Each structure stands twice: as C-alpha cells, then as structure tokens.
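> Structure for this input, please:
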Amino acid sequence: MSPQHSDPTPVRSRREAFAALKAELSGAALGGLRVAVDAAVPSGIPELDRLLGGGVPRGTLVAMEGTAGAWSIAARLVAAVTSGALAAIIDDGGLYPPTLAQAGTRLERVLVVPARSPLGMARAADILLRSRACRLVLMTAPVLRAAVWSRLAALARRTGVVLIAVAAGAAAASLSAVAGLRLYCTRERLVVAGLRGLWSTVCGYVVRAELRKTAARASGAAASLRVVTGDRAAALRERDIPRPRIARAALR
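All right, here's what the predicted structure looks like:
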C-alpha cells in the first residue's frame, strides 16, 4: 500500500489567508486612513508636545514610568493618533475601552491584540511593528531580556512606528536601558469641583512628566499636565495632595 499523505490544501489555505491579511495590514490605505509620515506624533497634550519639541518622535520605543498618570497620558496619545490613523493595544487583560472612549479615542480605529504571557506580548509587538499598519502600539511592559527590547526598539526605528511600554517594577530595568525616550510620571495635585471641604468631587489630577532620557531634548526637563474627567464645564480648581502625617513618637 502506498503511504498515506495528508491533504496539503488546509495548510496552503492558511498560508494564503495569512499572506492576504499581511498584505492588507501593510497597505498604505486602511479603511480610508493613511498612516502619516510626520517626523513626530503629537500627543494631543500641548504641555507634553512642547516638552518633547512637537510630539513623540516616530520610530521610538517609549518607556512610560512612574507612580501615577502614565496610563492617562497613554490614553490621550491613543486618542490623538486615532483621530486620523490606526493604533494597536496589546491587551494583557486590563484593557477598559470606556476609559479610552472618555479620553477621546475612536474605538473603531483601535486594533486590540490579546496576549497574557511575556513571550506572547513580545511576539505580538513584533508582528504589529513589522506590519506597519498602526501608527502607535501600546502595551504593558512585561519582564523581558534587554536583547528582546533591543530588537523591538530596532524594529520601531526601521518601521517608523511608536512603541509605548508602560513599565513598573522589574520590567522597567531592562526596558529603560534601550528605550529612546523615558517619561517619569508622578501625581502632583488633585483637580476638584464643587464646594470646599468634604463636599467636593475629585475629577482629575495634575501629572508631572519628567524627561529621564531623550535624544532630541535635554533630559531633566519637566511639564505639568492636567488630566480631567467628567464634567469639564464645571468650575475646577487644583488642590495639593495631602502628605501623610507622621506621629511625633515615630520620629523619636
């Protein structure tokens, strides 16, 4: 009896489908949109654009670090990009689309790629960068070797896509060494509406964004960015964040 051979048609069909998808993603026009070729990607936040000299340089691996505010700035960046192009988000399970919509994001122009493991997230970023379909790719920074981040940074430079990784803890160490731009974010003040005292509503905060590393601007420069949600028409004011009081006995 002649040996049984598996039918190659399913494999060929998958390869053809993948090739067609890659060609579609790599096209210059996607749903009537064209990926812009500006030197920088405006953030939509005037203070941040002034700090960066016009916006985030294209082809940059950006490390968003700090204690608070990084995701709020990232959401504004996605909103600015989707006003005229596509953006991609590598979702590790924490994506909340209503927050993106509240920041002004065109959700129909966001490609969401689920990936939970560090290796899966790295592979997703690799494919998205190579496709050149999106102007910006956003992800939570997983713990990866510096060599992997170096490869992703080189891909971003070659394709002109902005790759933003929001980093915390151990993930920030290997990422910061190869990132072309590092922003360190901290919360400075609260933005409140309503009466003073207990009868006021927190509706945002002021974020201090400090340049820790950049090729185009002097490191150490910083800007204060107002991030407000809810009723923007209300009379708003800023309030200092109270510092925890330390008992005198603890200081003795």
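> Residue 73: how many residues sit nearby?
A count of neighbours around residue 73, defined by other CB atoms under 10 Å, yields 23. C-betas here are computed from N, CA, C, even on glycine.
> For the stretch 101-250 of the chain, which segments are assigned as helices?
For the stretch 101-250 of the chain, applying DSSP state H, counting those that start in this stretch gives helices covering 118-131, 146-159, 171-178, 248-251.
> Let me have those in TSV, adding mean neighbour count and distance to residue 93 as columns.
Below are the helices of the stretch 101-250 of the chain laid out as TSV (neighbours: other CB atoms under 10 Å; distance: least, CB to CB, whole Å):
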stretch	mean neighbour count	distance to residue 93
helix 118-131	19	11
helix 146-159	18	21
helix 171-178	18	16
helix 248-251	6	39
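> And the strands in the stretch 51-200 of the chain, which stretches?
For the stretch 51-200 of the chain, applying DSSP state E, counting those that start in this stretch gives strands covering 56-57, 61-66, 87-91, 110-114, 136-140, 162-166, 181-194, 200-213.
> Kindly format the C-alpha coordinates of the last one as PDB.
As requested, the backbone C-alpha atoms of strand 200-213 are provided in PDB (Å, rounded to 0.1, in the frame of the first residue of the first chain):
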ATOM      1  CA  SER A 200     -16.100  68.500  46.700                       C
ATOM      2  CA  THR A 201     -15.600  65.900  43.900                       C
ATOM      3  CA  VAL A 202     -12.300  64.700  42.600                       C
ATOM      4  CA  CYS A 203     -12.500  64.800  38.800                       C
ATOM      5  CA  GLY A 204      -8.900  64.600  37.800                       C
ATOM      6  CA  TYR A 205      -5.300  65.400  38.700                       C
ATOM      7  CA  VAL A 206      -2.200  67.200  37.600                       C
ATOM      8  CA  VAL A 207       0.600  64.900  36.400                       C
ATOM      9  CA  ARG A 208       4.300  65.900  36.400                       C
ATOM     10  CA  ALA A 209       6.000  64.300  33.400                       C
ATOM     11  CA  GLU A 210       9.800  64.400  33.600                       C
ATOM     12  CA  LEU A 211      12.100  63.600  30.700                       C
ATOM     13  CA  ARG A 212      14.600  60.900  32.000                       C
ATOM     14  CA  LYS A 213      16.100  60.100  28.600                       C
END
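> What pairs with that strand, parallel or antiparallel?
Its sheet considered, strand 200-213 pairs with strand 181-194 (antiparallel), strand 222-228 (antiparallel) by DSSP bridges.
> now it, how far from the chain's geometric center?
For strand 200-213, the gap between its own C-alpha mean and the chain's C-alpha mean amounts to 16 Å (CA atoms, centre = their mean, to the nearest Å).
> for it, which positions count as buried?
Judged by neighbour count using 16 or more other CB atoms under 10 Å, the buried positions of strand 200-213 are 203, 204, 205, 206, 207, 208, 209, 210, 211, 212.
> For it, the averaged confidence score.
Per-residue pLDDT values over strand 200-213 give a mean of 84.
> what separates residue 129 from residue 141, distance-wise?
Taken as CB to CB, to the nearest Å, the spacing of residue 129 relative to residue 141 amounts to 15 Å.
> returning to that earlier point: quick one: which of the strands of the stretch 51-200 of the chain is nearest residue 97?
Judged by CB to CB, the one of those that comes nearest to residue 97 is strand 110-114, at 8.0 Å.
> Which of the residues in that closest one are classified as buried?
Of the residues in strand 110-114, those scored as buried under the neighbour-count criterion (16+ other CB under 10 Å) are 110, 111, 113.
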